[in-house]
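> mind folding the following:
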Amino acid sequence: MRHRRRRGEPLQEKGLRILLALVPMGDRAFKLELYGQFARVGKALASSHRLEMLDLLSQGPRTVDSLGKELHLSIANTSSHLNVLKDARLVESRKEGLFVHYKVADESVLALLAQVRTVAERRIAEIDRIVASYLGDRDGLEPIGFDELRVRLRAKDVILLDVRPQSEFDAGHIDGARSIPHDELAKRLREIPRGKDVVAYCRGPYCVFADDAVKLLRSRRKKARRLIAGFPEWKAAGLPIKHLAQGSKVPKRGATSSRSRKRPGA
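Okay, here's the model as predicted:
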């Protein structure tokens, strides 16, 4: 039987695969093949661009073009990174007309991404330095937790603003939120009712869209706070979300939400 080399498969890996197919598998061979498959996921995550792509895809499906523009990458480079993620079964794609749309394969990928971030936050001290140097002291923005926000939403004494791009809001948002993208907020302040506190959220704990929104709102004498994390963390906690065209949906409880930090676009 002829063994064809898989796309992107190194020659030495092909040789090992053929050998394992011909020789009865012992304990060591079993472990080598098993951990080799685990390593496919690790290799796919070993890129800052690919990690950020997964973070963006956690907000909703995207085309190659939109991902490339967001990350300032060429179409060819973006496609190459997406192929690595796809080969590791971390993303899926579908073609619609001339465009290919990508999405996260399932909730376990989001849980994995959250765990990678959590481990890095706990073990790599440089993260604190980077966050502090770029985002500064965020305590003055009075982050609000999920439990408190749920209570206030039920009491209807708070306005919840999703300041992500409109397409991300449409793909999924916290139930009860209204969309005013961060780059439109200054022009649409009159849409925000007076006399109520405002809570802004965006893509995740390192995303600065919500920080900027709170600062702008406060400069216009409105009481505003930022949510401690973002939409993916809310969704992963199994809290109520809504898709614009599908109505309310409460997902199954999944990944543990991460600590309250994330850089723009994350």
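
> element containing residue 207, please.
Using DSSP states H and E, residue 207 sits in no helix or strand.

> can you give me the neighbour number for it?
Each residue near residue 207 was counted by other C-beta atoms under 10 Å, and the total is 27. (C-beta placed from N, C-alpha, C; glycine too.)

> same thing with residue 241?
Quick note: residue 241 (other C-beta under 10 Å) scores 18 neighbours.

> my guess is it contacts residue 235. True?
Yes: counting by C-beta atoms under 8 Å, residue 241 sits close enough to residue 235 to count as a contact (5.4 Å).

> what segments of this structure are strands?
With DSSP state E as the criterion, the chain has strands at 62-63, 91-96, 99-104, 158-162, 173-174, 178-179, 197-201, 224-226, 241-243, 247-249.

> just checking: what are the partner strands of the second one?
Partner strands and pairing direction for strand 91-96 (DSSP bridges) are strand 99-104 (antiparallel).

> could I get the strand it pairs with in PDB with only the CA atoms?
The C-alpha coordinates for strand 99-104 follow below in PDB (Å, rounded to 0.1, in the frame of the first residue of the first chain):
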ATOM      1  CA  PHE A  99     -15.400  34.400   0.800                       C
ATOM      2  CA  VAL A 100     -14.300  31.700   3.200                       C
ATOM      3  CA  HIS A 101     -15.600  32.200   6.800                       C
ATOM      4  CA  TYR A 102     -13.700  30.700   9.800                       C
ATOM      5  CA  LYS A 103     -15.000  30.000  13.300                       C
ATOM      6  CA  VAL A 104     -13.700  28.300  16.400                       C
END
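
> let me see the mean pLDDT of it.
Averaging pLDDT along strand 99-104 yields 95.

> and it, what's buried?
Along strand 99-104, these residues count as buried under the neighbour rule (16 or more other C-beta atoms under 10 Å): 101-104.

> mind listing what's buried in stretch 168-180?
Buried, per 16+ other C-beta under 10 Å, within stretch 168-180: 168-169, 171-177, 179-180.

> return the subset of those residues lying in helices.
If you go by DSSP state H, the buried residues of stretch 168-180 have 168-169, 171 in helices.

> okay, now the domains of this structure?
1-43, 137-249 (automatic domain parsing).

> and these, which is most packed in?
Ranked by mean neighbour count under mean count of other C-beta atoms under 10 Å, the domains of the chain are led by domain 137-249, which reaches a mean of 18.

> hang on, residue 236 packs against residue 107?
Yes: judged on C-beta under 8 Å, residue 236 makes contact with residue 107 at a distance of 7.4 Å.

> now residue 157: closest residue in space that isn't a chain neighbour?
Spatial nearest neighbour of residue 157, excluding adjacent residues (C-beta to C-beta, 6 or more residues apart in numbering): residue 196 at 6.2 Å.

> same question for residue 78.
Nearest to residue 78 is residue 68, by C-beta to C-beta, 6+ apart, at 3.9 Å.

> tell me the pLDDT at that neighbour?
What the model reports as pLDDT for residue 68 is 96.

> which ones are touching it?
The contact partners of residue 68, taken as C-beta atoms under 8 Å, 6 or more residues apart in numbering, are 74-75, 77-78.

> try residue 75
Residues near residue 75 by C-beta under 8 Å, 6+ apart: 64-65, 68.

> skip the chain neighbours and tell me the closest residue to residue 50.
Leaving aside its sequence neighbours, residue 50 sits nearest to residue 81 (C-beta to C-beta, 6+ apart; 5.1 Å).

> measure the one you found to residue 134 for me?
Residue 81 is 24 Å from residue 134, where distance means C-beta to C-beta, to the nearest Å.

> so these two - more neighbours on which side?
Per other C-beta under 10 Å, whichever of residue 81 and residue 134 has more neighbours is residue 81, with 21 against 11.

> residues in contact with that one?
Neighbours of residue 81 in contact, by C-beta under 8 Å, 6+ apart: 47, 49-50, 53, 73.

> having no further points to raise, I will conclude here.
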